[in-house]
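# Model the following, please.
(chains A, B and C, ligands or ions: 2)
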Amino acid sequence: EELSVVGSWSGLPLHIQYEAPFWGEKLPAASGGDITVALTTHNQMNLGVGDVFRLLGDGVYDVAMTVADYAVADAPELEGLDVPLVAVTADEARAMVDAARPMVTEIYHDRFNSHVLAIAPYPPQVVFCNAEVNELADLEGLKVRASGRMTAKFLEALGAEGVNVAFSEVPGALQKGVVDCAVTGAGSGYSAGWWEVSTHLMPIPLGGWDSVVTAMNLDKWNSLDADTQALIQEQVTAEFEDPAWDSAQDALVNDIACLTGNGDCPAGEARNMTLVEVSDADFAKARDVLVSEVLPEWAERAGGDWAERWNASVGEVVGVKIGG
Amino acid sequence: MIWAIAVGLLGLLALSIPVGIVLFLLGFGVDTFFSPFPLIRGLGNLVWSTSNNATLIAIPFFVLLGEILVRSGIATRTYAALDRWVSWMPGGLVHANVATATMFSATSGSSVATAATVATVAMPQAEKLGYDPRLFSGAIAAGGTLGIMIPPSINLIVYGFLTQTSIPQLFLAGLVPGIALALGFMAITVVICMIRPNLGGTRRTFPFSEMLRALVQLIPIVLLFTIIIGTIYKGWATPTEAAAVGVAGAVVIAAMFGGVSIRMFAESILGTVKITSMIMLVVIGASFLNFTLASAGMGRELQALLDGLGLSPMGLIFVVVLIYIVLGFFIETLSLMVVTIPIIVPLVVAQGFDPIWFGILMIVLIEMALITPPVGLNLYVVQGARKGGRMSEVMVGAIPYVVAMLIMVGLLIAFPSIALYLPSVLSEG
Amino acid sequence: MEDGLLRTLRRLNHGIALLTGVLLMGCAAFVLADIVLRQLGSSFGGTDEISGYVMAIATSWGMAFTLLELGHVRIDILRGRVNALGRALFDLFAMAALTVTVTLIAWKCWPVVARSLANDSKANTPLETPLALVQVPWFAGWVWFAVMAWLTLIAATLMIVRGRFQAAEDAIGCFGEEEMVK
Ligand code: NA
Ligand code: NA
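Numbering: from 1, shown residues only, chains lettered A, B, ... in the order given. Ligands and ions are numbered 1, 2, ... in the order given. Predicted structure coming up:
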């Protein structure tokens, strides 16, 4: 069985440390050579990020993985997988993802003609500011670069102004004051040198965890025999998804240490950004905004009974209820 | 597969099928013969995602800007003014061609647009003053290529877009090599005309007072450059948005220093739509071909080929330079970039080379491709502006400038700081 | 008859190209206004998103004008070395290749629109632009290009069949009259 696999961003640790070894070596070995894999990534194919799962559903390739948030244009209900600020630690994020999994599976089945194999985390999307910021309320009136619709809406609800800037232009934009703050993964911000052009780091997942969904074209999945299906699912969970999650919390702690100099930095030289501690009261206020404005708006976008289903699954786990 | 693609490309191009269509046909071929997957199902999405692109809108904006400058008469007067200043050197007016091209390069993002602008205003002078048509037209074709090295530059925007490299940094990096190339073009012209004075026509000297008065004519173009580059480095606009600022600036400047009319705008608009669609058909075709190649494992094949050579980092650079020189004979430049960047740049960066430096090196090679036959768009542009004369004359005339570019390639490899010094100094907080 | 057809096509696409150019200039004005607003501490938001849509639509609708102006770049190596009949055959073959390809592209663009309609897709941005709203005009531009290509191919074929090689070269040759003054 030859599988054509399209991985997530080729330069990021999730691909280098987990995806590439899993699809390139572990799965073919575990299948005793029955499964071979041709692996590339969506950025090497120069695909639009919104096209990755569309083309998977069309059968252009067999397996694809990328950030679920990139696909919400076709499936607004998918935004509920990755809500900002409700999960602070990796364990909480994993519980959130596990609670959402049945919904995600159904969404991918219906919208993208594909079968979900795994949901792995990118590091949480934290806030880099080139401005004096001491609490969340200080974001009000600042120009903030966000990616993704729910994060942008959340920032607007907090009184910030969303500005669109490409990832590669963010350092220049921060330096020149085109934006005051920018949201990205702590590790990406470290390796892309954002610490050179920003002073304050707010280590809360204002952009959520950017869950990466791995899915297989449904026709392809159904064409496999039950043993092969079981083998692939077992292997993906044990050798890809679990290890990726297990290292997520450590990675976050390390990345923040690297950026602020509080603790050891295994990735290289530690920097000295100011760590902004977000108080409980501050946090509660932000969640209020989330629950009273951002999530009800999402419920409307998603339509149907998605809000109730979300309340009964993810909401239960993270202790948030839409609509009261 | 690589050889099949190369033969297919040359064969289809030789049949004089439009270049953009050739790229689509090759993509269909790769899908049919080299891929087990129905890649054609991705065609529609590829066409949409490639053209729904805020970065590429800089292309029509820059073309429009150039059209307005030509049609308002500003281009002609800039040329006349530079003639006063540089034509005293051996080679005479040939230097004015290079100098004018350099000036317009600083406001235009496109080499074809730059060459066309200069050719339109310069060519009538060649016959009048008895210049050797070869050197005279070769200098225009070569000078025009500076349009993509001296900022702003569509090709650098595309490079930055595809490699996720900072576009303002790339613009800074291109400035010194661009000016060095312009000086190199002039130097090689002087050398040739000292050896064979009859090639250069008459050297022209003007009274100093006239030279000073001519400076006034350069105000519009300097003003426009300042507006475009200033907005980028002041942080008011991204490089793409600055192209829109440039259009507005050109309109205002044309109204102040030249002539504007509804008719002029209509003609500028039509020219813009025509060139933009031509470029976009090539870009979209290249994007689809690239997608099929990546799916069919072209990256792995090329990687294996280069790995098999067991190259040192420097060896890799020399092979890559060679690849671009050879491909540059045959392939249209924007497609050459779009097709090769996703494959070549990761290999080069993995060897520890700076992606900004490599972007500039690639631009010199792309400039060379614009003036090497058989496929050299600038050669055709200049020939088109001539009244008669053989195509081969332009090709021969461009050869000295290809030599200058080869020297520049060597210098960039030996001294990367030619490109990297400016961005490293100016990007420190 | 074929001359009349081509004249009509040229006139139609001349008008469309003007509209397309006005759309592009409007987009430039919009971007400029946003830059100015940003200096004043405000913003429309989403200029880059809208620029992208304008680019997609302007590109597809400008294609046919460029075709009729002989603006799609071709390589003239072999074609330049043969007689009028040979050139006519080169041109006809190239035109047929273009027509078939463009028809296929237009055909394959439809599923993109269909999927956006079926999912009621909205852009992953604060603007939440309904994708069908911008993809339908984009798709229509490619269909228009395909239709124009077929009509031009038919007109040129008629010219060549009747031995009118010069007229055919003016219609589908390599270089337009004012080619290269750009
Ligand atoms: Na330029
Ligand atoms: Na060439």
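# how about the host helix or strand of residue B:27: buried residues?
Assigned by DSSP states H and E, residue B:27 belongs to helix B:19-34. Residues B:19-31, B:34 are the ones in helix B:19-34 that count as buried (16 or more other CB atoms under 10 Å in any protein chain shown). C-betas here are computed from N, CA, C, even on glycine.
# next structured bit after that helix?
Assignment by DSSP H and E places the next element after helix B:19-34 at helix B:43-51.
# Could I get the average pLDDT for that next one?
Here helix B:43-51 scores 92 as its mean pLDDT.
# Alpha carbons of the next helix or strand after that helix, as CSV, please.
Next along the chain after helix B:43-51, taking DSSP H and E as the criterion, comes helix B:58-71. Taking C-alpha atoms only, helix B:58-71 is exported to CSV below (Å, rounded to 0.1, in the frame of the first residue of the first chain):
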residue,chain,number,x,y,z
ALA,B,58,1.9,44.8,-6.8
ILE,B,59,2.4,43.6,-10.4
PRO,B,60,-0.4,45.6,-12.0
PHE,B,61,0.4,48.6,-9.7
PHE,B,62,4.0,48.8,-10.9
VAL,B,63,3.1,48.3,-14.5
LEU,B,64,0.5,51.0,-14.3
LEU,B,65,3.0,53.3,-12.7
GLY,B,66,5.4,52.9,-15.6
GLU,B,67,2.7,53.4,-18.1
ILE,B,68,1.7,56.7,-16.5
LEU,B,69,5.4,57.9,-16.6
VAL,B,70,5.8,57.1,-20.3
ARG,B,71,2.5,58.5,-21.4
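# For helix B:58-71, which helices and strands make contact with it?
Applying 3 or more CB pairs under 8 Å, 6 or more residues apart in numbering or on different chains; DSSP states H and E, one finds that helix B:58-71 contacts helix B:111-129, helix B:154-163, helix B:219-233, helix B:239-257, helix B:262-295, helix C:2-39.
# mind redoing it with 6 Å?
helix B:111-129, helix B:154-163, helix B:239-257, helix B:262-295 (3 or more CB pairs under 6 Å, 6 or more residues apart in numbering or on different chains; DSSP states H and E).
# What about contact with chain A: does the longest one have any residue there?
This points to helix B:262-295. Yes. Using CB under 6 Å from any CB of the partner chain, helix B:262-295 reaches chain A at B:290, B:291, B:294.
# Just name the closest of those to residue B:304, please.
Residue B:304 lies nearest to residue B:294 out of the residues of helix B:262-295 next to chain A, by CB to CB, at 14.7 Å.
# Quick one: classify the closest residue to chain C within chain B as helix, strand or coil.
Nearest residue of chain B to chain C, counting by CB to the nearest CB: residue B:384, 2.3 Å away. Three-state call for residue B:384 (DSSP: H, G, I helix; E, B strand; the rest coil): helix.
# what's around it, how many residues?
The number of residues packed near residue B:384 is 20, by other CB atoms under 10 Å in any protein chain shown.
# Distance check, it against residue B:141.
Separation of residue B:384 from residue B:141 (CB to CB, to the nearest Å) stands at 11 Å.
# Could you find the residue nearest the spatial middle of chain A?
residue A:210 (0.8 Å; CA atoms, centre = their mean).
# Next, it: phi, psi?
Main-chain torsions, residue A:210, degrees, to the nearest 10: phi 50, psi 60.
# Not counting its neighbours along the chain, what's nearest it?
Leaving aside its sequence neighbours, residue A:210 sits nearest to residue A:122 (CB to CB, 6 or more residues apart in numbering or on different chains; 3.9 Å).
# The one you found: what's it in contact with?
A:185, A:210, A:212 (CB atoms under 6 Å, 6 or more residues apart in numbering or on different chains).
# Could you export the helices and strands packed on helix B:58-71 as TSV, including mean pLDDT?
What follows is these, written out as TSV (pLDDT from 0 to 100):
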stretch	mean pLDDT
helix B:111-129	79
helix B:154-163	82
helix B:239-257	88
helix B:262-295	87
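# Tell me which of the ones you listed lies nearest to ligand 2.
helix B:111-129 (11.9 Å; CB to the ion).
# and the closest one, anywhere near ligand 1?
No. Using CB under 5 Å from the ion, helix B:111-129 stays clear of ligand 1, coming no nearer than 7.1 Å.
# report the angle between the axes of that helix and helix B:154-163?
Between helix B:111-129 and helix B:154-163, the angle comes out at 160 degrees (axes from the mean of the first three to the mean of the last three CA atoms, to 10 degrees).
# how about the helix or strand following helix B:111-129: buried residues?
Counting by DSSP H and E, the next helix or strand C-terminal to helix B:111-129 is helix B:133-145. Judged by neighbour count using 16+ other CB under 10 Å, the buried positions of helix B:133-145 are B:133-145.
# where's residue B:351 relative to residue B:162, distance?
Counting by CB to CB - residue B:351 and residue B:162 are separated by 19 Å.
# related to what we said a few turns ago, among the residues of helix B:262-295 next to chain A, name the ones that also lie close to chain C.
On the criterion CB under 6 Å from any CB, none of the entries of these sits beside chain C.
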